[in-house]
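Asks: Okay, here's the prediction I keep looking at, along with the sequence it came from:
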Amino acid sequence: MGVMLAVQDIEMVGRLLMRDIALTDDGGKTALRSGDGIEKQSRVQRVLVVDDERLVADTVCEILKRFHFDATPCYNGEAAIEAASQACPDFVVSDVMMPKLNGVETALRIQELCPRTRVLLFSGNAATADLLKRARAEGHDFELLAKPIHPEELVRRLQ
């Protein structure tokens, strides 16, 4: 007989430690065997990754999926706003410099729809500072990551 035992850690609200335990009915001759413990989010975090460079957006999504995020690529600001209007993401990770609608404007519009969504912007362009100053003057505090993005830093900021 197999049993799934779930133990919720009270100190870490929102995390769940799951462990498989194999039980036997041989009179106690075989000790309990436990599977590998797997720590995972109790709710998968939704992330919209916005970049007009498809390869960058797709690569960042694949990295995030390996860390158990539900990551969706959007290849322009308009697509990201549309996706957010369907279901508010937990996070938006966006390039700043994009044609038509830049990342700051995209983030501002998404936060109008989804005020609890956290925004991380990334850029390799020095002109980004002016866009961020304007957003901060309007009361928005976006985090900024420099390109190239290091996966460990990105995941750390999303946790």
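Replies: Looks like it came in fine. This structure is a prediction, so every number in the text was calculated from the model and none was measured. Residues are numbered from 1 along each chain as shown.

Asks: Next, the buried residues of the lengthiest helix in the chain.
Replies: Using DSSP state H, we find that the single longest helix of the chain is helix 54-66. Buried positions in helix 54-66, judged by neighbour count with 16 or more other Cβ atoms under 10 Å: 56-57, 59-61, 63-64. All C-beta atoms are positioned from the backbone trio N, CA, C, and that covers glycine.

Asks: Equivalent analysis for stretch 138-150, please.
Replies: Within stretch 138-150, the residues scored as buried using 16+ other Cβ under 10 Å are 142, 145, 149.

Asks: Secondary structure and distance to Ala84 for those - can I get that in CSV?
Replies: CSV is the format used below for the buried residues of stretch 138-150 (DSSP: H, G, I helix; E, B strand; the rest coil; distance: Cβ to Cβ, whole Å):
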residue, secondary structure, distance to Ala84
Phe142, coil, 15
Leu145, strand, 20
Ile149, coil, 21
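
Asks: which residues does Arg157 contact?
Replies: With Cβ atoms under 8 Å, 6 or more residues apart in numbering as the criterion, the residues that contact Arg157 are 120, 143, 145.

Asks: Check Ala79 too.
Replies: Applying Cβ under 8 Å, 6+ apart as the definition, the contact partners of Ala79 turn out to be Val50.

Asks: Now do Arg43: how many residues are near it, please.
Replies: The criterion is other Cβ atoms under 10 Å. On that basis, Arg43 has 10 neighbouring residues.

Asks: Look at it and tell me its secondary structure.
Replies: coil (DSSP: H, G, I helix; E, B strand; the rest coil).

Asks: how far away is it from Asn76?
Replies: 28 Å (Cβ to Cβ, to the nearest Å).

Asks: And for Val119?
Replies: Note on Val119: its distance to Asn76, by Cβ to Cβ, is 16 Å.

Asks: out of those two, which sits in the busier spot?
Replies: Taking Val119 and Asn76 together and counting by other Cβ under 10 Å, Val119 has the greater number of neighbours (25 against 17).

Asks: May I see the contacts of Arg157 organised as a markdown table, with distance to Asp51 added?
Replies: Listed next are those as a markdown table, based on distance: Cβ to Cβ, whole Å:
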| residue | distance to Asp51 |
| --- | --- |
| Leu120 | 12 |
| Glu143 | 16 |
| Leu145 | 12 |
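
Asks: Can you give me the domain boundaries for this protein?
Replies: Taking automatic domain parsing as the domain assignment, the ranges for the chain are 2-41, 46-158.
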